[in-house]
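In: Sharing a model that was predicted from the sequence below.
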Amino acid sequence: MRSQDWDVVVVGSVNADLVVGVGRRPAPGETVLGSDLATHPGGKGANQAVAAARLGGRAGLVGRVGDDGHGELLRGALAADGVELTHLTTTPGVPTGVALITVGPDGDNSIIVSPGANARLCPDDVTAARAMIAAAAVVSFQLEVPLPAVQAAARVAAEAGGRIVLNLSPPAPVPDELLARCDPLVVNEHEAAYLLGGTGDPEAMAAGLARSGPRSAVVTLGADGVVVADGAAAPVRIASPEVAAVDTTGAGDAFTAALCLRLARGDSPPDAARYAARAGAAAVRKAGAQSSFPTPDELPPAAP
C-alpha cells in the first residue's frame, strides 16, 4: 500500500437525521403516534467519515451544509470526532440536508432524504479538494450527492493511484467508467437486485456484480453477513456477529467505513469485510447513526 496523508477521504452527504420511533409503520392515509423527535448527526458521507475516524483512521470529508442550525450541529459533531473539515463548505441561503427516519420495534428503519445543500456539491468543490483526495489511500463515495461530483472525484483518486469504494446507495444508474474504478462496489441485497435486474442467491449476485464492471464487489446481508467477490476467486461468505438489534440506522455506513479503513491499511477484501462486519454489528446495538458507531475496543468478536 502507498503511504498517504489520509486513510479515508469521503466525498458525500451531510444530513441531520430526524428520528421517530413507531410501534408500526402507517398505511397510506393513516396516522400513527410515535416517540419524541430526536435529532442526530447523519448523512452517508458524514457517517462514514465519523465511523472511520472513531475506529482510529485519518479521515477527511468533502461535502456541503447549509447556513442553519443543523449545519452548525453537524460541523461540530464531525470536528469532535477528528474529521478533517477544510473542504466541508457552508452554502448560504440553502438548508442543510435532512433525513426523515422512522424506526420500528424490530430496529429496522425507513428513510426519506431531503438533499438540501448536498445537491449543490459540484466538480468545483472537487477541484478545491484535489490535494486531499489525491493524498488518500481510499476514497469513498455514495450517491446522496450529485453524480458529476462523484465522477470528478473518482477521476482525481484514480489518477493519484488511490483505491475507490462506491457504496451505491441510493441505487441509480452509473457510468461504466465509474463502475470500472470501483474496488469494491458495495451494495445491499436490494441494491444488488436493482443493478442485476433480479434477485438470486447472494453468492451468485456478488459474482454477477463483479463480472458487470467493478474490480470487486461486496453484497451486505444485514444480520446474515456479507459476501465478497474479488476477481476470479469464488465468492466468500462472511457471517455477522450475533447481537441484539436496537436500531439499524447507519449500520451500513459503519460497515463501509470499516471496510475502507482496513483496505487502506492493506487488508485483503475478505479480511477487511470480516472486520467491517464486526463494526456493522456493533452499530445496531445503539440508537442513532453516528452515536452508535464503535471504537475498536467496542467491536464484538468475529463470528465463527
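Out: That came through fine.

In: Now for Ala157, how many residues are close by?
Out: 26 (other Cβ atoms under 10 Å). (Each C-beta comes from the backbone N, C-alpha and C, glycine too.)

In: show me the contacts for it.
Out: 133-134, 136, 139, 163-164, 181 (Cβ atoms under 8 Å, 6 or more residues apart in numbering).

In: Nearest residue to it in space, please, no chain neighbours.
Out: Val139 (4.0 Å; Cβ to Cβ, 6 or more residues apart in numbering).

In: can I assume that neighbour is in contact with Val165?
Out: Yes - Val139 is within contact range of Val165, at 7.3 Å (criterion: Cβ atoms under 8 Å).

In: among the helices and strands of this protein, which one scores worst on average pLDDT?
Out: Ranked by mean pLDDT, DSSP states H and E, the weakest helix or strand in the chain is strand 109-114, scoring a mean of 87.

In: Now flag whichever of the contacts of Ala157 is closest to Arg265.
Out: Ranked by distance to Arg265 (Cβ to Cβ), the contacts of Ala157 are led by Arg163 at 11.3 Å.

In: Before we move on, what's the pLDDT of that closest one?
Out: Note on Arg163: pLDDT of 98.

In: How many residues are close by it?
Out: That count, for Arg163 with other Cβ under 10 Å as the rule, works out to 22.

In: Okay, it and Val8: tell me how far apart.
Out: Separation of Arg163 from Val8 (Cβ to Cβ, to the nearest Å): 10 Å.

In: Give me the common contacts of those two.
Out: 137-139, 264.

In: Nearest to Ile111 among those?
Out: The shortest approach to Ile111 among these belongs to Val139, at 24.3 Å (Cβ to Cβ).

In: Please settle this for me: is the closest one part of a helix?
Out: No - assessed with DSSP: H, G, I helix; E, B strand; the rest coil, Val139 is strand; it does not lie in a helix.

In: what is it paired to in the beta sheet?
Out: Val9, Ile164 (DSSP bridges).

In: And Asn15, by the same measure?
Out: Beta-bridge partners, per DSSP bridges, of Asn15: Gly42, Gly97.

In: cool, and Arg237?
Out: Val227.

In: where does the stretch 1-150 of the chain dip in pLDDT?
Out: 1-3 (pLDDT under 70).

In: mind running it again at 90?
Out: Low-confidence segments of the stretch 1-150 of the chain (pLDDT under 90): 1-4, 25-27, 101, 103-111, 113.

In: Now do the helices in it.
Out: 44-54, 69-80, 123-128, 130-134, 147-160 (DSSP state H, counting those that start in this stretch).

In: Out of these, the one nearest Gly34 is which?
Out: helix 69-80 (20.2 Å).

In: Could you list every helix and strand that the closest one packs against?
Out: Applying 3 or more Cβ pairs under 8 Å, 6 or more residues apart in numbering; DSSP states H and E, we find helix 69-80 packed against strand 15-21, strand 38-42, helix 44-54, strand 59-66, strand 84-91.

In: So Arg215 is in contact with Pro184, correct?
Out: Yes - if you go by Cβ under 8 Å, Arg215 and Pro184 touch, sitting 7.1 Å apart.

In: higher neighbour count, those two?
Out: Taking other Cβ under 10 Å, Arg215 and Pro184 do not tie; Pro184 has more neighbours (29 against 17).

In: so that one, which of the three states?
Out: Per three-state DSSP, the secondary structure class of Pro184 is strand.

In: which residue sits closest to Ala180 in space, ignoring its chain neighbours?
Out: Gly213 (5.3 Å).

In: same question but for Gly288, I mixed them up
Out: Per Cβ to Cβ, 6+ apart, closest to Gly288 is His40, 4.3 Å.

In: what's near enough to touch that neighbour?
Out: Here His40 is in contact with 16-17, 19, 288-291 (Cβ under 8 Å, 6+ apart).

In: Let's see that with 10 Å instead.
Out: His40 sits next to 15-19, 47, 73-74, 77, 99, 101, 249-250, 287-292 when contact means Cβ atoms under 10 Å, 6 or more residues apart in numbering.

In: Please apply the same query to Val138.
Out: Contacts of Val138 were listed using Cβ under 10 Å, 6+ apart, and they are 1, 4, 6-10, 52, 57, 157, 162-165, 183, 257, 259-265, 272.

In: Report the separation between the residue nearest to Glu144 when sequence neighbours are not counted and Leu143.
Out: Among residues not flanking Glu144 along the chain, Ser13 sits closest, at 3.5 Å (Cβ to Cβ, 6+ apart). Distance, Ser13 to Leu143, using Cβ to Cβ: 9 Å.

In: Next, show the common contact partners of the two.
Out: Lys44.
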